[in-house]
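# here is my input; please provide its structure:
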Amino acid sequence: GEFENIDWLGRVDGDSVIVYDRRNLRFSIFDLDAKLVPSITAAEGFFGVAGRFADGSFLIPPSVSFSSSDAPRNGLVRDSSRIIRVLASGSETDTLMVLIGTEIILHHTPTRMSARLAPFGRVTRVAVGDTAFHTVTSDTYEIRTWNRDGRLLRVLRRSIEPAAVSGEDIDRLKAEELENTQSDNERRELEGTLADMPYPDRMPALRRLHAAAPRFPAQ
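Residues are numbered from 1 along each chain as shown. So this is what the prediction gives:
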């Protein structure tokens, strides 16, 4: 019953909590008195959970993984990513769709590989409701709504001009990141990284997406 890597917390009916332990591939449900309800074991590991549908199934957010064994790539990368639904039993998964993923900055050296979110980059996000979920890729102001089986229900668009990325925006981003450095060497290294980073001319059209908190009975 111990946790090794808590990756996500979610609510059920307002008074129960679901905890996803990525290391143990386990969804644990606790009632209001912290009593453990029988847990669910997933068939494979994920990097997080976007939310839970009313039927008890889970939606896994889009994610892209990189490894040092990959072919060397440097600079701005935007690969495709899967959106996965895990059934309530945890034993089966279903890839609902493949979307363009989040912009990442990759840096390969002979000894290591690093990956980080691109500053002011385009991101792919999902938000989960009771029976449907919503996606954005932030290239334009467009929100797509899908049922839990991956069928498109509607598209919401707005015609807007994304805000320009100013020098003040870049300076503020650099200051915020440098504030968290722990040593002079780390600060100098990060200053060099931020100086060489590509910065876009425009902000993403959308960067975050939220759905109203779902309300459904515990399974």
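
# mind listing what's buried in the helix or strand of the chain with the lowest mean pLDDT?
Here the helix or strand of the chain ranked lowest by mean pLDDT, DSSP states H and E is strand 36-41, holding a mean of 73. Neighbour-count burial for strand 36-41 flags 39-40 (criterion: 16 or more other CB atoms under 10 Å). (C-beta placed from N, C-alpha, C; glycine too.)

# that one pairs with which strands?
strand 26-30 (antiparallel) (DSSP bridges).

# quick one: buried residues of the partner strand?
In strand 26-30, counting by 16+ other CB under 10 Å, buried: 26-30.

# report the backbone C-alpha coordinates of that strand in PDB.
What follows is strand 26-30, C-alpha atoms only, in PDB (Å, rounded to 0.1, in the frame of the first residue of the first chain):
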ATOM      1  CA  ARG A  26      -1.600   1.600  -9.500                       C
ATOM      2  CA  PHE A  27      -4.800   3.700  -9.100                       C
ATOM      3  CA  SER A  28      -5.700   3.800  -5.400                       C
ATOM      4  CA  ILE A  29      -9.100   5.100  -4.300                       C
ATOM      5  CA  PHE A  30      -9.600   6.500  -0.800                       C
END
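
# now the most centrally placed residue in the chain. Nearest residue, chain neighbours left out?
With distances taken as CA atoms, centre = their mean, the residue of the chain nearest its centroid is Pro61 (5.2 Å). Computed as CB to CB, 6 or more residues apart in numbering, the closest residue to Pro61 that is not its neighbour in sequence is Ala50, at 4.0 Å.
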